[in-house]
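**Student:** fold the following for me, if possible:
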Amino acid sequence: ERLRKRAAEDAEFEKKCASGCRIVIDCGFESLMTDREARSSSQQIMYCYGANRRAEAPARLLVVGLTGRQASALGNVSGVESWRGASVDARPLEDVFPDRSSLVYLTAESDTVLTEVDAATTYVIGGFVDRNRHKGATHAKALQLGVRTARLPIGDGDAIVLGKEASRVLAVNHVFELMVRAQSSDWAAAAECLPGRKKKPEE
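**Tutor:** Below is the predicted model:
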């Protein structure tokens, strides 16, 4: 009975994922990270899956370019191979998507502000941790591949206003959860998932 209930829940979850947008985590930055950062990046991918399972309106999760240390770290986690509504591809982003017309790379350096999440669009998040050493790496890659870019509506005058001390650099899982939540709510409500240090203090 318990297995049957779990199977029904999994089927319902995958049905919800199918109607959401696709979010790609691009792990093609392995060479830029230390061992510790690579492990941290893998952990953030796991957090993304957990956030997706809890979401009211989940997305289709695709992890690409997963090789080396990140792949090893994720491979040590039991259950990854049976993730629902998610898939992993070791090939780089440009090979998985030879036609990149539907892609939008989320990068803080973009001049385009993302106003809403479109289910027909595939959004790409740079899947790496670099402690700000390689600022602009995702933007440069998007330009090189001819992929459109957009930034989250974060900052003065935008839908999400952070506290004065907060960095605009969000962890992979925070960007992912913001995007997923924004499918079923406005940006301000979606931003409730950010840790306390990222929120604007109450007036």
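**Student:** and the helix or strand bottoming out on mean pLDDT in the chain, what's buried?
**Tutor:** In the chain, no helix or strand scores lower on mean pLDDT, DSSP states H and E than helix 68-75, which sits at a mean of 85. Neighbour counts over helix 68-75 (16 or more other Cβ atoms under 10 Å) mark Arg69, Gln70, Ala71, Ala73, Leu74 as buried. (Each C-beta comes from the backbone N, C-alpha and C, glycine too.)
**Student:** so how far is Ala59 from the last one?
**Tutor:** What that stands for is Leu74. 19 Å (Cβ to Cβ, to the nearest Å).
**Student:** next: the third one.
**Tutor:** In this structure, Ala71 and Ala59 are 22 Å apart, going by Cβ to Cβ.
**Student:** all strands for the chain, in order.
**Tutor:** Along the chain, counting by DSSP state E, strands occupy 22-26, 60-64, 86-89, 103-106, 122-126, 148-150.
**Student:** what stretches of this protein score poorly on pLDDT?
**Tutor:** 77-78, 130-134, 163-168, 196-203 (pLDDT under 70).
**Student:** spatially central residue for it, please.
**Tutor:** Phe176 (3.3 Å; Cα atoms, centre = their mean).
**Student:** pretty sure that residue contacts Ala51?
**Tutor:** Yes: taking Cβ atoms under 8 Å as the definition, Phe176 is a contact partner of Ala51 at 6.3 Å.
**Student:** report the beta-bridge partners for Ala150.
**Tutor:** Leu106 (DSSP bridges).
**Student:** re the thing from before, which residue packs closest to the residue nearest to the centre of the chain, ignoring adjacent ones?
**Tutor:** Cys48 (4.3 Å; Cβ to Cβ, 6 or more residues apart in numbering).
**Student:** the one you found contacts Leu61, doesn't it?
**Tutor:** Yes: in terms of Cβ under 8 Å, Cys48 counts as a neighbour of Leu61; the distance is 6.5 Å.
**Student:** list residues touching both of those two?
**Tutor:** Residues touching both Cys48 and Leu61 by Cβ atoms under 8 Å, 6 or more residues apart in numbering: Ile25, Phe176.
**Student:** residue contacts, the closest residue to Arg100 other than its chain neighbours?
**Tutor:** Once flanking residues are discounted, Arg100 sits nearest to Val147: 5.1 Å by Cβ to Cβ, 6+ apart. Val147 is in contact with Arg100, Leu103, Val104, Tyr105, Val124, Lys141, counting by Cβ under 8 Å, 6+ apart.
**Student:** who does the fifth one bridge with?
**Tutor:** On DSSP bridges, the residues paired with Val124 through beta bridges are Val24, Tyr105.
**Student:** can you report how many residues neighbour it?
**Tutor:** 27 (other Cβ atoms under 10 Å).
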